[in-house]
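Q: After the sequence you'll find the predicted model.
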Amino acid sequence: MRPGSFIVMASAAESFAHRRVRLGNVEPAAVALLRQLDPLIVLLCLFICEFAYRDRYTPALGAYATLAFVVVRHFFNLLDIHSAKESFSDFSRTYARVLVQWGTVVAILLFGAFAFKVSADLSRRVVLTWFIATPIALSTAQAVRRRASWFAVHGAKAPRHIIVGVNQVGFELAKRLPAHGFLGYFDFRSFDRLAHTLEPDGLRGHCKDVANFVRAHNVNVVYIALPISNVPRMCELINALRDTTASVYFVPDAFAFDLIQGRLVEIDGMPALSICDTPFHGMDAVLKRSMDLALAGLAVVLLSPVMLAVAAAVKLTSKGPAIFRQRRYGLNGEEIMVYKFRSMITTDDGTVIRQATRSDSRVTPVGRFIRKTSLDELPQLFNVLQGTMSLVGPRPHAVAHNEEYRKLISGYMIRHKVRPGITGLAQVHGQRGETDTLDKMAERVRIDLEYLRHWSPWLDIVILFKTVWTLVSGSKNAY
């Protein structure tokens with residue numbers, strides 16, 4: 001190393017250390033403001049109901065209002081999946097979606113009131129009126145927000161943008177951006193080399209012409225979707241754009257990877273792309289755990305007579321314990337003990353475990369019924385309360401099966417980046433019961449990974465409702 005090189009490297013490292021990147025969004029200010037109004041609308045409805053009934057303010061009501069604000073502030077943002085491209089006139093669809101969302105929030109609030117013993121201090125007529133009136137107010141607010149989003153991208157002041165990079169990333173970006181205001185593509189290649197992918201009027205010019213085009217056409221935003229291998233050319237392009245007032249965004253080809261919870265994260269001011277991660281960080285983890293505790297606690301209270309009856313039936317009709325315990329892999333691949341009502345004459349938990357099959361001689365008569373109706377899974381509600389399982393997630397397999405399939409199915413162990421669930425996306429898609437072929441297990445794993453990719457509170461709610469429907473209608477694969 002030359003004498004001066006260390007000084008240059010140290011200076012570069014020092015200047016790099018002071019650079020920071022923050023994560024954010026590019027939505028208009030009016031839309032961003034309207035997005036934050038949902039919790040305030042919920043509180044406003046509560047206090048209007050209180051004022052209308054001339055009810056007195058109590059500390060219990062204040063605590064209830066605070067809990068509602070916290071839950072709605074995070075919950076509704078996660079479930080707000082509509083974009084500016086969607087119609088803002090379908091109020092009935094908006095109301096139906098909000099009604100389901102608000103119903104889940106109400107369940108959490110009722111559990112909170114029950115758990116902290118404040119329900120007696122709340123006015124029932126105020127709370128009931130609030131529960132009924134709030135969805136109407138929220139639906140109206142969301143319809144207004146979508147109208148504002150639509151005008152932001154289709155109005156007279158909509159931003160004018162171009163895309164640098166005629167490739168799959170550029171094409172996909174164009175689909176996701178509003179068509180109004182899009183002026184075309186630029187690339188380092190000529191149209192003769194791009195004729196098979198682009199219409200003649202789609203290519204507006206060479207990259208060396210971008211800065212002049214931006215100035216001449218008052219372009220507001222430039223999206224650079226070039227391969228990262230073109231760093232020298234990108235630096236030349238960005239330097240040329242410094243003489244314009246356009247906002248410049250680099251769009252990397254993140255979809256080249258098989259993303260599991262792909263997201264941009266900030267590590268003390270440094271941006272990083274998540275390739276494979278759990279969906280449960282920060283408030284997402286808090287919300288997931290809160291839903292588990294609230295719904296599992298409520299289920300234990302409501303279903304305790306059923307569980308006592310099943311335990312008695314199992315104990316009285318066959319030898320052995322009422323509760324069967326088996327080692328499974330839980331979060332991060334750690335071993336956990338999963339509880340079930342015993343449905344067989346054996347309690348296998350060794351290095352080799354034979355899956356239950358149709359007409360399996362090991363299954364007891366009571367066991368056949370509780371397996372068919374999934375009543376044998378009810379003790380796992382206590383696993384949920386312990387924190388070793390979740391209501392919704394990939395179903396846990398026996399340790400022996402995990403060790404077998406992890407060697408045969410790519411990505412099998414990624415299922416364990418979340419807590420295993422009593423029910424899951426694979427189960428409501430018919431992937432229950434015996435996996436007697438490798439293809440069946442591979443399909444179950446594929447669906448489990450789809451759950452990790454697309455998790456949201458709304459998806460959990462849909463899975464829970466579908467699970468109840470499956471149990472009521474009966475499953476052909478449960479035996």
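A: Yep, that arrived.

Q: you'd agree D258 is in a strand?
A: No: looking at D258 with DSSP: H, G, I helix; E, B strand; the rest coil, it is coil, so not inside a strand.

Q: tell me which residues of stretch 318-335 are tucked away?
A: By neighbour count on 16 or more other CB atoms under 10 Å, the buried set for stretch 318-335 is 318, 322, 324, 326-331. Every residue, glycine included, has its C-beta placed from N, CA and C.

Q: what's in contact with that stretch?
A: 311-312, 314-315, 336-345, 347-349, 364, 366-367, 379, 388-389, 396-399, 402, 413, 416-420 (CB atoms under 8 Å, 6 or more residues apart in numbering).

Q: With respect to W469, which of the buried residues of stretch 318-335 is nearest?
A: R328 (26.1 Å; CB to CB).

Q: for that closest one, helix, strand, or coil?
A: Put simply, R328 is strand when judged by three-state DSSP.

Q: L331 versus the residue lying closest to it once chain neighbours are set aside, what's the distance?
A: Among residues not flanking R328 along the chain, P396 sits closest, at 3.7 Å (CB to CB, 6 or more residues apart in numbering). According to CB to CB, to the nearest Å, P396 and L331 sit 10 Å apart.

Q: next one: F188
A: Where L331 is concerned, F188 sits at a distance of 47 Å (CB to CB).

Q: host element of A442?
A: Using DSSP states H and E, A442 sits in helix 438-454.

Q: Kindly list the main-chain dihedrals of T58?
A: Taking degrees, to the nearest 10, you get phi -130, psi 160 for the backbone angles of T58.

Q: pretty sure it contacts A120?
A: No: assessed by CB atoms under 8 Å, T58 is found out of contact with A120, at 10.8 Å.

Q: Adding pLDDT as columns, could you present the buried residues of stretch 318-335 in JSON lines?
A: Output for the buried residues of stretch 318-335, formatted as JSON lines (pLDDT from 0 to 100):
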{"residue": "S318", "pLDDT": "84"}
{"residue": "A322", "pLDDT": "88"}
{"residue": "F324", "pLDDT": "86"}
{"residue": "Q326", "pLDDT": "86"}
{"residue": "R327", "pLDDT": "87"}
{"residue": "R328", "pLDDT": "89"}
{"residue": "Y329", "pLDDT": "89"}
{"residue": "G330", "pLDDT": "91"}
{"residue": "L331", "pLDDT": "90"}
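
Q: List just the nearest of those residues to V70.
A: Among the buried residues of stretch 318-335, L331 lies closest to V70 (CB to CB), at 24.7 Å.

Q: Now I336: closest residue in space, sequence neighbours ignored.
A: Closest residue in space to I336, ignoring its immediate chain neighbours: G330 at 3.7 Å, by CB to CB, 6+ apart.

Q: Backbone torsions only: list them for the one you found.
A: Residue torsions, per degrees, to the nearest 10, at G330 are phi -110, psi -150.

Q: quick one: it and S374, what's the gap?
A: 20 Å.

Q: Kindly report the same for Q142.
A: Counting by CB to CB, the gap from Q142 to S374 is 36 Å.

Q: what's the answer for G165, then?
A: In this structure, G165 and S374 are 51 Å apart, going by CB to CB.

Q: Compare neighbour counts for these two and give me the winner.
A: The residue with more neighbours, out of G165 and S374, is G165; 23 against 17, by other CB atoms under 10 Å.

Q: Mind exporting the C-alpha coordinates of stretch 460-476 to CSV?
A: Extracted in CSV, the C-alpha atoms of stretch 460-476 (Å, rounded to 0.1, in the frame of the first residue of the first chain):
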residue,chain,number,x,y,z
ASP,A,460,-54.7,-13.4,9.0
ILE,A,461,-58.4,-12.4,9.4
VAL,A,462,-59.3,-14.0,6.0
ILE,A,463,-57.5,-17.2,7.0
LEU,A,464,-59.3,-17.4,10.4
PHE,A,465,-62.7,-16.9,8.7
LYS,A,466,-61.9,-19.5,6.0
THR,A,467,-60.8,-21.9,8.7
VAL,A,468,-64.1,-21.6,10.5
TRP,A,469,-65.9,-22.2,7.3
THR,A,470,-63.8,-25.2,6.5
LEU,A,471,-64.5,-26.7,9.9
VAL,A,472,-68.3,-26.1,9.5
SER,A,473,-68.5,-27.5,6.0
GLY,A,474,-66.1,-30.4,6.7
SER,A,475,-62.7,-31.2,5.3
LYS,A,476,-62.1,-34.2,3.1
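
Q: chain center to the longest helix out of those in the chain: distance?
A: Ordering each helix of the chain by length in residues (DSSP state H) puts helix 282-317 first. In terms of CA atoms, centre = their mean, to the nearest Å, the centre of helix 282-317 is found 23 Å from the chain centre.

Q: Who has more neighbours out of T58 and A120?
A: Ranked by neighbour count (other CB under 10 Å), T58 and A120 place T58 first, with 14 against 8.

Q: Great, nothing more from me.
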